[in-house]
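Engineer: Quick one, structure for this:
(one chain, ligands or ions: 2)
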Amino acid sequence: MTRIGWATDIHLSVCDESTRQGFYNEVRSAKLDQLWLGGDIGEADNIETLLSELIISVETRVYFVLGNHDFYFGSISGVRAMADQLCKQYEEAVYLSHCRVREVTPKIGVVGHDGWADGRIGDYETSMVMMHDYRHIEELSGYGKLERWEHMKAQGDQAARHLENTLPEAMEKYEEVYLLTHVPPLREACWYEGNIANDEWAPHFTCKAVGDTILEIAAKYPSNLSVFCGHTHSSGVCHPAPNITIYTYGAEYEKPRLSKILEL
Ligand SMILES: [Fe+2]
Ligand SMILES: [Fe+2]
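Structural biologist: Numbers count the residues shown, from 1 in each chain. Ligands and ions are numbered 1, 2, ... in the order given. As a prediction, the model looks like this:
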């Protein structure tokens, strides 16, 4: 039996010391073989410290992807490079966006990528939503709306390419495949307080490039694919294909917690 714990959007940077220690304690008490983390752990200027603290404290392997908040006040490329360094420093840490398929059990594999809201679902052009991403992340700031959209699409495409390179191998080799990502890959997975995102919000909370890739690849294999995502801080489940289930997990600021424990 392999015990996996899933947590997303833990936003440790808004937690005080005792709240952070409480979360690490919850993870340790769960006696996990692996902790899977779905991104939005901190911001660029504190994530190295917070992620190191977490890795040292939870006493289990940590498989993670990063979320949009993790790049605030810095750059996507800089934080991803830091994540690579951290994984060299701590052998129990695995950054799935830069990894091939990882075996969980002989029948179960896991892949992952941060994903990126690519503005392709809903109506980006008329949406008035102005995410902090567009001011506080180097790769997206300083552009007009349409120019920025091209950069958002490029980030989404990069996530999809990583999955094109890893998901087929996982679906071929394992009966059950888990895919960890931050951004919901379909509108049906983009829950907010029990409803699906509308045209105004969906562009900023879904990654169509990843969604299309998942649907296309999963259709070629009999294996089951479970996708775990977050980002909206609201929960829901959808089944976009007979062998795909997408779980979107909720979160609350200042209340990091395990959303799910799997016994595989
Ligand atoms: Fe979040
Ligand atoms: Fe997020």
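Engineer: give the contact list for the closest residue to ligand 2 within the stretch 1-150 of the chain.
Structural biologist: Closest approach between the stretch 1-150 of the chain and ligand 2, counting by C-beta to the ion: Gly67, at 4.0 Å. Any C-beta I mention is one placed from the backbone N, CA and C, and that applies to glycine too. Gly67 makes contact with Thr8, Asp9, Gly38, Gly39, Asp40, Ile41, Asp114, His182, Val183, Gly230, His231, according to C-beta atoms under 8 Å, 6 or more residues apart in numbering.
Engineer: do the same with Cys87
Structural biologist: Taking C-beta under 8 Å, 6+ apart as the test, what Cys87 contacts is Ala93, Val94, Tyr95, His98.
Engineer: Which ones among these map onto helices?
Structural biologist: Residues of these located in helices (DSSP state H): none.
Engineer: Filter these down to just the buried residues.
Structural biologist: Ala93, Val94, Tyr95 (16 or more other C-beta atoms under 10 Å).
Engineer: Just the residues you listed: which are in strands?
Structural biologist: Here DSSP state E is the test, and the buried ones among the contacts of Cys87 give Ala93, Val94, Tyr95 as lying in strands.
Engineer: Could you point out which of those is nearest to Val104?
Structural biologist: Val94 (11.3 Å; C-beta to C-beta).
Engineer: does the closest residue to that closest one other than its chain neighbours belong to a helix or a strand, and which?
Structural biologist: Spatial nearest neighbour of Val94, chain neighbours left out: Tyr63 (4.6 Å); criterion: C-beta to C-beta, 6 or more residues apart in numbering. Assigning secondary structure by DSSP states H and E places Tyr63 in strand 61-64.
Engineer: again with Lys31
Structural biologist: With DSSP H and E as criterion, Lys31 is part of no helix or strand.
Engineer: and it, what does it touch?
Structural biologist: Applying C-beta under 8 Å, 6+ apart, we find Lys31 in contact with Arg3.
Engineer: For the most centrally placed residue in the chain, report the pLDDT, please.
Structural biologist: What sits nearest the mean C-alpha location of the chain, by C-alpha atoms, centre = their mean, is His182, with 2.3 Å. You'll see His182 listed with a pLDDT of 98.
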